[in-house]
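Asker: Sequence and predicted structure are below.
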Amino acid sequence: MEAQEREMSFDDRMSDEESLMWNIEKDPWLNPSGAALAILEGSMDEDHFRRTMRSAVSRIPRLYERVVPGLGRVAPPAWVPDPEFDIAFHTRRISLPKPGSERQLFDLAAQLYQEPLDRTRPLWRFVAIDGLEGGRSAIWSVVHHAVSDGIGQLRMAEMYQQVDPNEPAPDEVDLEQIVADAVESHHAKQMGGDLADGFPTTVVQSLGHLTRRQLGNARRLAGEVAIWPADPKRAREAVGGALGVATSTIGALTGAGNEVEGGSPLWKTRSRHRHLEHLSLPLDELKAASKRYGATINDVFLAGMTEGAVRYHADRGVEVDAYNTSFVISTRTDSAVGGNAFTPVPVQLPGAVVPLDERIADIHLRLAEKRESMSTGGGFGAMAGIANWLPTTVLTSAARAAAGKIDFATSNLRGAPFALYISGARVLQIVTMGPVAGTACNATALSYENRFDIGLFIDPTAIDAPEDFRDAVESAFADILAS
């Protein structure tokens, strides 16, 4: 794992998409960020981890930068070094009360997630958790989605993970001096050596950025509109997307243009509450099953989630015509740390009771068609710049309404195929908490070694029996792997 050789994918200002994620979070229901829970064998070395994190922050400037709003809506927010940065604010260590069960750990993780990040400070937080039964421990972490998407965050994690349990800690770094130098350098750059020129310089930079951004938005919009006469369905989706793009950023789209109304009648009510469930599949068995069905792992992942939803509703005597879901396509072409490059794709999946092979074959075709349609342009980034000009209340209201139509959003991340360590402690598994953000559930999968771990991050007001939903999904995957 050559973390030191990776380039950094961080700009001085947020992209239109990142600005949108920043803006919609003013409504706490629409928190677009994900979190992760790494469960460790034993406990990590505290001093080793301290030195490792200080070294990591020194090499990733975004971790000591805060957000500064642009001049009104003229330019997107900027990233600047935080003159009051204190790494102790972002890292802490706590212990679970006895007996230290996984249920206690998951409930704590959900509680930590609901504590908002301080928007005046760098946008991340780590919590080391001791006292997990079986002599284990854990690290809970959250990084704001405006900093990076899931793939970028996996690459950032290389800065504090090791492949050798005996790897020595990095040399001590004078992090405080590094930050102070960055603050001074940024101040000098902004002021241009003359304090009186500071405000005019900021205005000129913002206006220049506005001109470039709006020209780009105009070109993207013109290109999108040019496609509409040949594809009326795309036109309907795009028009809905002008407002619904807010939820596109979090993998929960409006479902505009779906064949039927769709959606679970049981999962209509939404809240800010969160509940974490988890299940794990053998990765080699999942790969073998995908091959037998002539499908991809992502096809089988969505099939298992859909079949689980069907079984959950069947147990309650409820029929659902179709489920409104989404999956994420990565648009990355680099191997850089950080940044955002993804497109959430809406897909409506039939809710009828059908044989598993028919469900997987149907989903395989639907997802292939969606991927093909997204390759012709448009998508997530096409409307983000336009949506950012909407009043915040309009934007968040539209996002809430759109997310309220989504039954579950999904994402599939590829982790390391080999063992990882954090300051001497082996990583046993990583449980993800993808952004729920007004949907009923986010299911994010992460492969690691021979595991395919699925984090079910649930709004328990929507899915009021989350354990039953987890059991239904687990039984669906068991039958898929066994068939």
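Answerer: Received it, and whenever you're ready, just let me know what you need.
Asker: For Ser19, which non-adjacent residue is closest in space?
Answerer: Spatially, and ignoring its direct neighbours in sequence, Ser19 is nearest to Pro76 (4.0 Å; Cβ to Cβ, 6 or more residues apart in numbering). Where C-beta positions appear, they are placed from N, C-alpha and C, glycine not excepted.
Asker: secondary structure class for Ala472?
Answerer: Assigned by DSSP: H, G, I helix; E, B strand; the rest coil, the conformation of Ala472 is helix.
Asker: And the one 3 residues further on, by the same measure?
Answerer: Judged by three-state DSSP, the three-state class of Ser475 is helix.
Asker: Contact partners for it?
Answerer: Ser475 makes contacts with 308, 311, as judged by Cβ atoms under 8 Å, 6 or more residues apart in numbering.
Asker: Wasn't the residue nearest to Ser19 part of a strand?
Answerer: No - with three-state DSSP as the criterion, Pro76 is located in coil rather than a strand.
Asker: how much space between it and Leu37?
Answerer: 31 Å (Cβ to Cβ, to the nearest Å).
Asker: Next, name the residue at the spatial heart of the protein.
Answerer: Nearest to the mean C-alpha position of the chain, counting by Cα atoms, centre = their mean, stands Gly34 at 4.4 Å.
Asker: Is it correct that that one is in contact with His145?
Answerer: Yes - Gly34 lies in contact with His145 (Cβ atoms under 8 Å); the separation is 6.8 Å.
Asker: I'd like to know how many residues surround Asp471.
Answerer: By other Cβ atoms under 10 Å, the residues close to Asp471 number 17.
Asker: Does Pro28 touch Arg272 like I think?
Answerer: Yes - if you go by Cβ under 8 Å, Pro28 and Arg272 touch, sitting 5.9 Å apart.
Asker: quick one, which of these two is more surrounded?
Answerer: Arg272 (14 against 11).
Asker: For that one, which three-state class applies?
Answerer: Counting by three-state DSSP, the backbone at Arg272 sits in coil.
Asker: contacting residues for it?
Answerer: The neighbourhood of Arg272, defined by Cβ under 8 Å, 6+ apart, consists of 28-29, 114.
Asker: And the residues you listed, which is closest to Glu369?
Answerer: Nearest to Glu369, judged by Cβ to Cβ, of the contacts of Arg272 is Trp29 at 31.4 Å.
Asker: pretty sure that closest one contacts Ala437?
Answerer: Yes - with contact defined as Cβ under 8 Å, Trp29 and Ala437 form a contacting pair (7.0 Å).
Asker: list the residues that contact both of those two?
Answerer: Ala403.
Asker: pLDDT below threshold where in the stretch 101-250 of the chain?
Answerer: Where the stretch 101-250 of the chain drops to pLDDT under 70, the residues are 190-250.
Asker: Let me know the secondary structure of Ser326.
Answerer: Criterion first, three-state DSSP; result for Ser326: strand.
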